[in-house]
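Undergrad: any chance you could fold what I've pasted below:
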Amino acid sequence: MRTSTAKRNNTQVRSAVLCHYEAVAQSQGLNPLSLLRKVGLSRRILATPSQLIPVDSAVALLETSAEASGCSTFGLLMAEARTLSDFGPISLLLTHQPSARNAINTIIQYRHLMNEALGMMIEDAGKMALVREEIMTDQPGDARQSIEMAAGVLMLVFRSILGSHWRPQSVHFTHQAAGNLQAYRRMFGCPIHFDSDFNGVKCLTADLDKPNATADTTMAAYARTFIDAIPEAGRKSIVRDVRKSVYLLLPMGRASVEQIASGLGMNVRTLQRRLDDSEANFSSIVNDVRRELAQRYIVHTDYSLGRVAEQLGYSNLSSFSRWFQAQFECAPSQMRSLRRPA
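TA: Numbering: from 1, shown residues only. Coordinates of the predicted model:
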C-alpha cells in the first residue's frame, strides 16, 4: 500500500477540548481513567487545560468511549456539558463580538487557543449561509464523535450571541445516522441531515449578521489585547494550514493552489516558497488529504462510489477508481466490504 509523502508535524490540541470528559464518561457507566490510559492520556493531563495532546488521542478517546458505553451520541453529551467559560480567556472576546459571524471568524483566528485540529469556514449562499466544520486528524478513521461535539459547541457560540432559543435551519453530517435521534433534536432543535455533503450548519445570513445587543467594544478590545499576549501553542505550520484548507475546500471543488493561497492571505509564489521551506509541496498535501477523506467516506458513510469520486474532485468514477487502486492496492468496493463495521 502506498504511504503518505507530504512531510507534516503531528497535530496537537489543548487538553481543554476534553473538558468534562470524566464526568460525562462516569454518567455513562464508564471507567474514565482506564479509557484515558488506553489512548495514552491521564487525569493529570486533562487537569491542565493548556497541555498539548495528540489530536488522534482525543479523537480515539471519544470513539472508544462511545463504543464502550453503547452511547452513539457521546460527542453530543460532551458538547452539552460545555459552557462558554470553558473556552478560557477567549470566551470574553467571543461574547462581545458584534455578530455571530464575527464570533466565528474570531474562533478561526484564535483556533490555536481552542482546537488546532478544527477547520472552519463560512460560505455565503444568498439568504442562507453554511458554516462548514472539519476535524483534521493525522490518521484516517472514524471521527464522528469529535465532529458532532464540534457542531454542538458551535451551537453554544451561536446562542451566546443570538439567545438560548436560537436554532439553525438545518445541521449536516457526512457520516451515517446511528441510534436514537432524540439527542440531536434536543441539542439542535432543527432538521438533521446525515450522509450530507458537509459537516456543519445551515443558517440564515440575517442571523449570522444580526447585531449582538450585548456587545461591548471596549471589553472586546481589552480581551483581544490580553489574548494577543498569550504565546501560541507551538510554531505555526504552513503545512497544517494548507491541509486544513484542503479538508474544507476539496469537497467543494475549490482546492486549487490559487484558491488555497488566496484564502491564506498570500500569493501562489509565497505559498509555494513557504511549503518548500517546510520540505512539502502542494500536490502531495492534496493527495494526502484526498487519501484520508477517501477512507473516511468509503468506510464511514453510505455515499455511493460515484458520490465519493465527486467529493474528492473526480469528474468520473473510472478516474477515481484508477487513483484509488494506485493508492491502496484495492478497489473502493473491496475496502468498503473489508473495513466497514459489521
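Undergrad: let me know the secondary structure of residue 85.
TA: Each residue gets one of three states, and residue 85 gets helix by DSSP: H, G, I helix; E, B strand; the rest coil.
Undergrad: count the residues that sit near it.
TA: Neighbours of residue 85 under the rule other Cβ atoms under 10 Å: 9. For every residue, glycine as well, the C-beta is placed using N, CA and C.
Undergrad: residues contacting it?
TA: Going by Cβ atoms under 8 Å, 6 or more residues apart in numbering, residue 85 touches residue 91.
Undergrad: need the next SSE after the host helix or strand of residue 240, C-terminal direction.
TA: Using DSSP states H and E, residue 240 sits within helix 238-249. Next along the chain after helix 238-249, taking DSSP H and E as the criterion, comes helix 257-263.
Undergrad: C-terminal to that next one, what's the next element?
TA: Next along the chain after helix 257-263, with elements defined by DSSP H and E, is helix 268-277.
Undergrad: give me the residues contacting the helix holding residue 240.
TA: For helix 238-249, the surrounding residues in contact (Cβ under 8 Å, 6+ apart) are 6-9, 11, 116, 119-121, 132, 134, 136, 255, 259-260, 263-264, 271, 274-275, 277-278, 280, 282, 285-286, 288-289, 293.
Undergrad: and that helix, what's its mean pLDDT?
TA: For helix 238-249, the mean per-residue pLDDT is 90.
Undergrad: hey, where'd the helices end up in the stretch 51-200 of the chain?
TA: 55-69, 74-81, 90-95, 100-109, 144-162, 182-188 (DSSP state H, counting those that start in this stretch).
Undergrad: so residue 33 versus residue 16, what's the distance?
TA: Applying Cβ to Cβ, to the nearest Å, the value for residue 33 to residue 16 is 19 Å.
Undergrad: same check on residue 27?
TA: 20 Å.
Undergrad: the more surrounded of these two?
TA: residue 16 (19 against 13).
Undergrad: quick one: contacts for that one?
TA: Counting by Cβ under 8 Å, 6+ apart, residue 16 has contacts 49-50, 86-88, 114.
Undergrad: low-confidence ranges in the protein?
TA: 1-9, 232-236, 340-342 (pLDDT under 70).
Undergrad: domain ranges for it, per the record?
TA: Using automatic domain parsing, the domains assigned to the chain come out as 12-225, 238-339.
Undergrad: ends of the first one, what's the gap?
TA: Meaning domain 12-225. 25 Å (Cα to Cα, to the nearest Å).
Undergrad: what do you get for stretch 297-313?
TA: Termini of stretch 297-313 sit 13 Å apart (Cα to Cα).
Undergrad: which among the helices of the stretch 51-200 of the chain is found nearest to residue 209?
TA: With Cβ to Cβ as the criterion, residue 209 lies closest to helix 100-109 of those, at 5.7 Å.
Undergrad: who touches that closest one?
TA: Here helix 100-109 has contacts from 90, 93-94, 97, 114, 118, 120-122, 131, 154, 157-158, 160-162, 207-210, 212, using Cβ under 8 Å, 6+ apart.
Undergrad: now the residues you listed: which count as buried?
TA: 90, 93-94, 97, 114, 118, 120-122, 131, 154, 157-158, 160-162, 207-208, 210, 212 (16 or more other Cβ atoms under 10 Å).
Undergrad: hmm, residue 143 and residue 55 touching each other?
TA: No - Residue 55 lies out of contact with residue 143 (Cβ atoms under 8 Å); the separation is 9.3 Å.
Undergrad: of those two, who's got more company?
TA: A count of neighbours by other Cβ under 10 Å puts residue 143 above the other of residue 55 and residue 143, at 27 against 24.
Undergrad: and the more buried one, what is it in contact with?
TA: 59, 63, 135, 137, 296.
Undergrad: tell me how far it lies from residue 174.
TA: 10 Å.
Undergrad: anything in contact with each of the two?
TA: The contact lists of residue 143 and residue 174 share residue 296, where a contact means Cβ under 8 Å, 6+ apart.
Undergrad: out of everything not next to it in sequence, what's closest to residue 325?
TA: residue 331 (6.3 Å; Cβ to Cβ, 6 or more residues apart in numbering).
Undergrad: just residue 140 next, same as before
TA: residue 295 (4.0 Å).
Undergrad: so where do the strands sit in the stretch 201-342 of the chain?
TA: Remark: no strands are assigned in the stretch 201-342 of the chain by DSSP state E, counting those that start in this stretch.
Undergrad: residue 82 contacts residue 156, doesn't it?
TA: Yes - using Cβ under 8 Å, residue 82 is in contact with residue 156, at 5.9 Å.
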